[in-house]
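Chemist: generate a structure from the sequence data that follows.
(2 chains)
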Amino acid sequence: MLFYLFAALAVLSGAYMVLTRNLLYAGFSLLVTLLSIAGIYVLLYADFVAVTQLMVYVGGVLVLILFGIMLSSRVQDKSVRSESVNKIWGTLVAGLVGVGLCYTILKANISSLPWLLAAETDVLGWQKSTVQMIGIKLMTDVVVPFEVVSLLLLIALMGAAYIATDKQEL
Amino acid sequence: MEQIPLEHILLLSALLFSIGVFAVISKRHAVVVLMGIELIFNAANLNLVAFSRHDPALLQGQLFSLFVIVVAAAEAAVALAIVLRVYQYFKTAHVNEVVSADNK
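Modeler: Numbers count the residues shown, from 1 in each chain, chains lettered A, B, ... in the order given. Here you go, the predicted model:
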């Protein structure tokens, strides 16, 4: 099934991201992870979120990260390497978190939650895509968070441009 | 097309979350730490979208995940700007070598 292909791709490239020694390889394996998560969004009937994931993460954040890698490392010496420190603590905490989450998920019997059993899951039965519904919701129910988030984006862009500017040259 | 079991999606997102936690804790380079944070955001978004499948009339999970994506983009922009400043000042982007703001 397509979901398991995407899931294996996401987990494997995520694991390669933390295990590789090369910073650029880590960036590109993060690209594969984000792409396969977008594919999983499509399989979960979330087409608009999938396209947003592609545009914002793959087109924006990842390019930003690659710029960050290239601007913050000297290729001549070893700082382009991505070494690990605190390997024991990292493995311990991440393993504990992962095992705890998996144990809880397997024990919780989520599929038999009352509201999940009561809910209908056939999204595409009465509409072909979620775009219209999301547009209506963005302009009615969540219009205040929508405006606040646009303000936040403006502030973050201005702040990022100000921080990254070399102040000696101003 | 049969439904993907909800547990499998939650297990996938738990795995991605713990990979992100490992990257945040154990990586030296600040950009890789940021990549781990992005992975954690994506794991949370996956949960939201997975539960939103059972809520087709309201789509609250998908709306929430859209806002998470926007806030993550803003966070990445500001954090990378800070990483660039730190690199210009300390001549390194390794988080364990940046000790103090006073002495270089």
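Chemist: nearest the geometric middle of chain A, what residue?
Modeler: residue A:34 (6.0 Å; Cα atoms, centre = their mean).
Chemist: could you look up the SS state of that residue?
Modeler: Assigned with DSSP: H, G, I helix; E, B strand; the rest coil, residue A:34 falls in the helix class.
Chemist: gap between it and chain B?
Modeler: 7 Å (Cβ to the nearest Cβ, to the nearest Å). From N, CA and C alone the C-beta is placed, and that goes for glycine too.
Chemist: what does the pLDDT read for that residue?
Modeler: We have a pLDDT of 95 for residue A:34.
Chemist: the one 5 residues further on too?
Modeler: Residue A:39 carries a pLDDT value of 94.
Chemist: and it, how many residues sit next to it?
Modeler: 20 (other Cβ atoms under 10 Å in any protein chain shown).
Chemist: surely it and residue A:50 touch.
Modeler: Yes - with contact defined as Cβ atoms under 8 Å, residue A:39 reaches residue A:50; the gap is 7.5 Å.
Chemist: excluding chain neighbours, what is closest to residue A:81?
Modeler: Using Cβ to Cβ, 6 or more residues apart in numbering or on different chains and skipping residues adjacent in sequence, the residue nearest residue A:81 is residue A:21, 5.4 Å away.
Chemist: actually residue B:26, not the one I typed
Modeler: Nearest residue to residue B:26 in three dimensions, chain neighbours excluded: residue A:90, at 3.0 Å (Cβ to Cβ, 6+ apart).
Chemist: quick one: which helix or strand includes the one you found?
Modeler: Assigned by DSSP states H and E, residue A:90 belongs to helix A:87-108.
Chemist: just checking, next helix/strand downstream of that helix?
Modeler: As assigned by DSSP H and E, the chain's next helix or strand after helix A:87-108 is helix A:114-118.
Chemist: on that earlier part again, for the closest residue to the residue nearest to the centre of chain A other than its chain neighbours, list the residues it contacts.
Modeler: The shortest distance from residue A:34 to any non-neighbouring residue, by Cβ to Cβ, 6+ apart, is to residue A:57 (4.7 Å). By Cβ atoms under 8 Å, 6 or more residues apart in numbering or on different chains, residue A:57 lies in contact with A:34, A:38, B:38, B:42, B:69, B:72, B:73.
Chemist: narrow those to those in strands?
Modeler: Residues of these located in strands (DSSP state E): none.
Chemist: contacts for the helix-or-strand element of chain A with minimal mean pLDDT next, please.
Modeler: Sorted by mean pLDDT, DSSP states H and E, the helices and strands of chain A end with helix A:114-118, the least confident at a mean of 75. Helix A:114-118 is touched from outside by A:110, B:6, B:54, with contacts defined as Cβ under 8 Å, 6+ apart.
Chemist: show me where pLDDT drops low in chain A?
Modeler: A:74-80, A:82, A:120-128, A:168-170 (pLDDT under 70).
Chemist: likewise for chain B?
Modeler: For chain B, the stretches with pLDDT under 70 are B:1-2, B:100-104.
Chemist: which residues touch the closest residue to residue A:2 other than its chain neighbours?
Modeler: Ranked by Cβ to Cβ, 6+ apart and with sequence neighbours excluded, the top spatial neighbour of residue A:2 is residue A:43, at 6.3 Å. The contact partners of residue A:43, by Cβ under 8 Å, 6+ apart, come to A:2, A:3, A:6, B:4.
Chemist: identify the farthest-apart pair in these.
Modeler: Taking Cβ to Cβ as the measure, these reach their widest spread between A:6 and B:4, a distance of 10.2 Å.
Chemist: buried residues in the helix holding residue A:90?
Modeler: Judged by neighbour count using 16 or more other Cβ atoms under 10 Å in any protein chain shown, the buried positions of helix A:87-108 are A:90, A:93, A:94, A:97, A:98, A:101, A:102, A:105.
Chemist: could you list the residues in contact with it?
Modeler: A:84, B:7, B:10-11, B:14-15, B:17-19, B:21-22, B:25-26.
Chemist: one more time with 6 Å
Modeler: Residues from elsewhere that reach helix A:87-108 (Cβ atoms under 6 Å, 6 or more residues apart in numbering or on different chains): B:7, B:10, B:11, B:14, B:18, B:21, B:22, B:25, B:26.
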